[in-house]
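A.B. asks: Could you look at this predicted model? Sequence included:
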Amino acid sequence: ARRLGLRTVLVLGTFVGAAGYALAGASGGLVVLCLALALSGAGSGTQHPLASAVIARAYGQAARGPLGTYNVAGDLGKAALPPLVGFLLAYAGWRPVLWLVAGLGAVVGLGVAVLLPREPAAREAARGAAQATARVASSRSAQKKSGFGLLVAIGMLDNAARPAFLVYLPFLLQAKGAALATVGVGFALVAVGGALGKAAFGRLGARFGVTRSVILTEVGTAAAILAVAALPLAPAIAVLPLLGLLLNGTSSVLYGTVPELAPGGRVERAFAIFYTCTLGGSALATPLLYGPLGDALGPGRAAMAAAVTALAVVPLMLALAPRLAPREGAPG
């Protein structure tokens with residue numbers, strides 16, 4: 001994005017993601033299908049860091065709320081597309097449906113190309129801002145780097161706790177006597193709460209400070225996980241929306257902190273590193289760590305490991321607080 005322009009890479013990435021779906025629809029075997037999915041993931045992966053950077057640059061210090069709105073918009077898309085695909089599969093084969101999804105992706109790519117402003121002036125302004133940031137930040141560059149490293153570590157733990165618990169949720173509910181439909185309702189309640197959390201905590205983080213917000217969500221997440229594991233079925237189901245709200249709320253607060261701690265003011269690079277580490281760490285931790293842990297200890301005790309993972313964020317957040325701007329930092 002620094003070499004070709006943020007807008008260009010975002011548009012090309014969207015088209016590559018759509019091309020992956022089109023190739024999946026044309027695939028005739030598992031190898032080509034896997035390659036198509038990898039292509040689609042690589043193209044779609046440009047969206048997280050670059051779109052976040054667009055919002056951060058557009059709103060400046062007021063970006064926390066808009067980043068939370070952007071964050072929840074992704075959840076709305078993930079909630080809307082599977083039912084749409086399921087409906088279409090009743091009337092068409094899976095190949096035409098995948099091609100339709102590819103077509104939707106191409107439309108989005110065209111929309112980004114048309115609606116997202118061109119960058120020359122913005123790039124010059126960004127370059128000047130980066131130079132100014134580098135001059136101002138030269139005395140605290142080491143502090144910023146260590147702060148960004150702590151932020152990435154916090155994001156990795158937060159992102160690991162979420163799927164670690166959700167992997168065990170159906171087993172916990174079934175052990176309490178839940179039918180398959182009830183398990184589906186439970187996931188829906190977590191998703192609804194999560195969407196509200198992403199939308200709300202971006203603004204709450206700006207209002208009450210990063211440290212307070214993150215500690216509240218992580219301690220609340222751990223307490224809600226333990227409650228779901230210990231309570232009977234009906235009360236456990238009732239806790240799930242609150243759990244979803246706390247489980248996903250931290251992410252919007254952390255996203256809004258990335259531009260502040262971006263080393264050298266390189267926001268696009270900082271978002272890219274943050275998303276790669278947090279999503280990649282989560283993808284590796286779930287099958288390699290929490291899966292065997294669940295096999296060894298059972299879902300109830302393994303869910304407690306997810307609660308411990310959430311609580312592990314608290315000391316890191318307290319270590320990060322002095323490196324944040326005064327209004328964002330430690331409570332008090």
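C.D. replies: Received, thanks.
A.B. asks: which intervals of the stretch 201-332 of the chain have sub-threshold pLDDT?
C.D. replies: Under the criterion pLDDT under 70, the flagged ranges of the stretch 201-332 of the chain are 325-332.
A.B. asks: those helices in this structure, which residues are they?
C.D. replies: Per DSSP state H, the chain carries helices over the ranges 6-26, 30-44, 47-59, 64-89, 94-115, 120-137, 141-175, 180-208, 210-230, 233-261, 267-285, 291-297, 299-311, 313-320.
A.B. asks: As JSON lines, the ones you listed with mean neighbour count would be great.
C.D. replies: C-beta coordinates here come from the backbone N, C-alpha and C atoms, glycine included. JSON lines is the format used below for these (neighbours: other C-beta atoms under 10 Å):
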{"stretch": "helix 6-26", "mean neighbour count": "20"}
{"stretch": "helix 30-44", "mean neighbour count": "15"}
{"stretch": "helix 47-59", "mean neighbour count": "21"}
{"stretch": "helix 64-89", "mean neighbour count": "16"}
{"stretch": "helix 94-115", "mean neighbour count": "16"}
{"stretch": "helix 120-137", "mean neighbour count": "13"}
{"stretch": "helix 141-175", "mean neighbour count": "20"}
{"stretch": "helix 180-208", "mean neighbour count": "19"}
{"stretch": "helix 210-230", "mean neighbour count": "22"}
{"stretch": "helix 233-261", "mean neighbour count": "23"}
{"stretch": "helix 267-285", "mean neighbour count": "19"}
{"stretch": "helix 291-297", "mean neighbour count": "14"}
{"stretch": "helix 299-311", "mean neighbour count": "21"}
{"stretch": "helix 313-320", "mean neighbour count": "19"}
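A.B. asks: Would you confirm that residue 176 contacts residue 230?
C.D. replies: No. The pair residue 176 / residue 230 is not scored as a contact, 10.3 Å apart, by C-beta atoms under 8 Å.
A.B. asks: check contacts around residue 66.
C.D. replies: By C-beta atoms under 8 Å, 6 or more residues apart in numbering, the contact set of residue 66 is 55, 58, 59, 202.
A.B. asks: Apart from its chain neighbours, what residue comes closest to the last one?
C.D. replies: Taking C-beta to C-beta, 6 or more residues apart in numbering, and ignoring the residues beside it in sequence, residue 202 has residue 68 as its nearest neighbour in space, at 2.1 Å.
A.B. asks: Can you verify my assumption that the one you found contacts residue 203?
C.D. replies: Yes. Applying C-beta under 8 Å, one finds residue 68 in contact with residue 203, separated by 6.2 Å.
A.B. asks: From the centroid of this protein, which residue is nearest?
C.D. replies: residue 251 (6.1 Å; C-alpha atoms, centre = their mean).
A.B. asks: Just list the residues touching that residue, thanks.
C.D. replies: Here residue 251 is in contact with 71, 155, 158, 159, 198 (criterion: C-beta under 8 Å, 6+ apart).
A.B. asks: any idea which residue of this protein is furthest from its center?
C.D. replies: Distance-from-mean max, the chain, by C-alpha atoms, centre = their mean: residue 91 at 33.1 Å.
A.B. asks: That one and residue 97: what is the separation?
C.D. replies: Separation of residue 91 from residue 97 (C-beta to C-beta, to the nearest Å) stands at 9 Å.
A.B. asks: cool, and residue 275?
C.D. replies: 28 Å.
A.B. asks: next one: residue 238
C.D. replies: Distance from residue 238 to residue 97, by C-beta to C-beta: 36 Å.
A.B. asks: Also residue 10?
C.D. replies: Using C-beta to C-beta, which is the criterion applied here, residue 10 is 26 Å from residue 97.
A.B. asks: Residue 169 too?
C.D. replies: 29 Å.
A.B. asks: Which one of the contacts of residue 66 is nearest to residue 46?
C.D. replies: residue 55 (14.6 Å; C-beta to C-beta).
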